[in-house]
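In: give the three-dimensional model of this entry:
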Amino acid sequence: MAEQEQVERLTCSIKEWNQWRQHYPDLHPDLSNTNFSGTDLNEANLSRTNLTNANLHRAILHSVDFSNANLSEANLSKADLYEANLHGAILHSVDLSNADLSEANLSEANLSRAFLRFADLTEAFLRFADLSEAFLSRASLVDTNLSNADFSNADLNKADLSNADLTEVNLSRANLSGANLSYTNLSSTNFTNILFSRTIFAWTDLSRVRGLNTARHGGPSSLDINSVILPHDEYTRTHFLRGVGFTEAQIEYLPSLLTPRITQYYSLFISYAHQDEIMVKRLYTDLRKNNVLCWFAPEDMKIGDNIRHRIDESIHRHDKLLLVLSEHSVASQWVEHEVETALSKEYEGKPNVLFPIRLDNAVMKSTTGWASHIRLTRHIGDFTNWQDDAAYYDVFTTLLRHLKVTDALSNKIR
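Out: Numbers count the residues shown, from 1 in each chain. Here you go, the predicted model:
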């Protein structure tokens, strides 16, 4: 428990607190479990302080010295940590969502399992920082601004960097084993002597990465060859493909496999009720035949997968959610959750994620909140006569036309 006298000293006067810290330089203050929400702690010396489970939500922490402090599991969401000194700080499982960490010193900090969604790490200093397993609620570093940050020698083992902006970030000698680099902006990112193993590469551009020819591969990685732009330099490209696990024969035949398709489509996650599986399997098969990348459970579920987590992850990985509406899906809490997950992507700025189609008239009569909202706000494709081949292929052709994009890859890599 926190020392109440110390809490009162800090909140009463920052100046007197700092003077007290100077007078007792070897003291490690205990401020654990304290609610500092909205408190102005600007310029406070909190080095070597125990802030475990402290609530610093919306606290003003600009220029605060946190060096070697223990902030494990603290709430630092939306905190102002611009230029803060967090050297060696213990930030294990800390909530730093929406925090301003621009130009902060996070060198040698322990950020394992930290939640950094929408955090601003522009020009932050993260040399030798531990970001291993930085993966919470679909990704600690998803949509995070990391431009110009220094991650050299950082441990990013199993970190989720999908959708992160890594423009000009220094990742030299960093460990990206098991990291997720899907939809990641890697423009001018420094990969000199970086370590890959079980790393996921999908929907990203590797042609503008620096130092990829020096990358180390501790084991094979996963590469979506249809969505990744490979380095133009033949030596670098070959070195990388060998490292991620391609055979010489695969590398030799790769150019013929990558011939651009005439038509490209948005990728899909199919949301449906299991009672409609026969129709959904037909739809899935026809979409795949037309080169539409799509996913639906249980067809693409691996044994041992955490179902809810895997589905949430897949919805976020794909461009659109194809919602199959019927009397069964309208009553399904599972489908409702998938719809809410897709709509959250729209709220975050990704337009028209939801593609609804109906197999019967249930949604047109439903008074369920989310279903009636879709009926009132979306055009719903009519597949009610899907068992009639002519009617099915007519509406299926319309669906394909709506899923078509002029340049799929440019939509992925922004």
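
In: which residues in the stretch 251-400 of the chain form strands?
Out: 264-265, 268-271, 294-295, 320-325, 354-358, 381-382 (DSSP state E, counting those that start in this stretch).

In: distance to residue 86 added to those, as CSV?
Out: No exception for glycine: its C-beta is placed from N, CA and C like everyone else's. Formatted as CSV, those follow (distance: least, C-beta to C-beta, whole Å):
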stretch, distance to residue 86
strand 264-265, 44
strand 268-271, 38
strand 294-295, 39
strand 320-325, 38
strand 354-358, 40
strand 381-382, 51
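
In: would TSV of the ones you listed with mean pLDDT, distance to residue 372 and mean neighbour count be doable?
Out: Below are these laid out as TSV (pLDDT from 0 to 100; distance: least, C-beta to C-beta, whole Å; neighbours: other C-beta atoms under 10 Å):
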stretch	mean pLDDT	distance to residue 372	mean neighbour count
strand 264-265	80	29	20
strand 268-271	85	17	26
strand 294-295	79	27	20
strand 320-325	88	12	25
strand 354-358	89	12	22
strand 381-382	92	18	16
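
In: out of the ones you listed, flag the one nearest residue 72.
Out: Closest to residue 72 of these, according to C-beta to C-beta: strand 268-271, at 35.2 Å.

In: now do the closest one: distance to the chain's middle.
Out: With C-alpha atoms, centre = their mean, to the nearest Å as the basis, strand 268-271 stands 19 Å off its chain's centre.

In: out of the strands of the stretch 251-400 of the chain, which is closest to residue 367?
Out: Residue 367 lies closest to strand 320-325 among the strands of the stretch 251-400 of the chain, at 14.4 Å (C-beta to C-beta).

In: remind me what that closest one packs against, helices and strands.
Out: strand 268-271, helix 277-289, helix 333-347, strand 354-358, helix 369-377 (3 or more C-beta pairs under 8 Å, 6 or more residues apart in numbering; DSSP states H and E).

In: for the longest one, buried residues please.
Out: Right, the one you point to is helix 333-347. Across helix 333-347, burial judged by 16 or more other C-beta atoms under 10 Å covers 334-339, 341-343, 345.

In: looking at the residues you listed, which one is closest to residue 274?
Out: residue 334 (9.0 Å).

In: for the closest residue in space to that closest one that isn't next to it in sequence, give its distance to residue 123.
Out: Leaving out its chain neighbours, the residue that sits closest to residue 334 by C-beta to C-beta, 6 or more residues apart in numbering is residue 273, at 7.9 Å. In this view, residue 273 and residue 123 are 49 Å apart by C-beta to C-beta, to the nearest Å.

In: distance between stretch 26-42 and the chain's centre?
Out: Centre to centre, stretch against its chain (C-alpha atoms, centre = their mean), the figure for stretch 26-42 is 30 Å.

In: start and end of that stretch, how far apart?
Out: End-to-end distance of stretch 26-42 (C-alpha to C-alpha, to the nearest Å): 22 Å.

In: in that stretch, what counts as buried?
Out: Result for stretch 26-42 [16+ other C-beta under 10 Å]: buried residues 29-32, 34, 36, 39, 41.

In: for those residues, give me JSON lines that also has distance to residue 112 and pLDDT.
Out: As requested, these are arranged in JSON lines below (distance: C-beta to C-beta, whole Å; pLDDT from 0 to 100):
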{"residue": "29", "distance to residue 112": "24", "pLDDT": "82"}
{"residue": "30", "distance to residue 112": "22", "pLDDT": "83"}
{"residue": "31", "distance to residue 112": "22", "pLDDT": "78"}
{"residue": "32", "distance to residue 112": "19", "pLDDT": "78"}
{"residue": "34", "distance to residue 112": "23", "pLDDT": "80"}
{"residue": "36", "distance to residue 112": "23", "pLDDT": "75"}
{"residue": "39", "distance to residue 112": "26", "pLDDT": "78"}
{"residue": "41", "distance to residue 112": "24", "pLDDT": "74"}
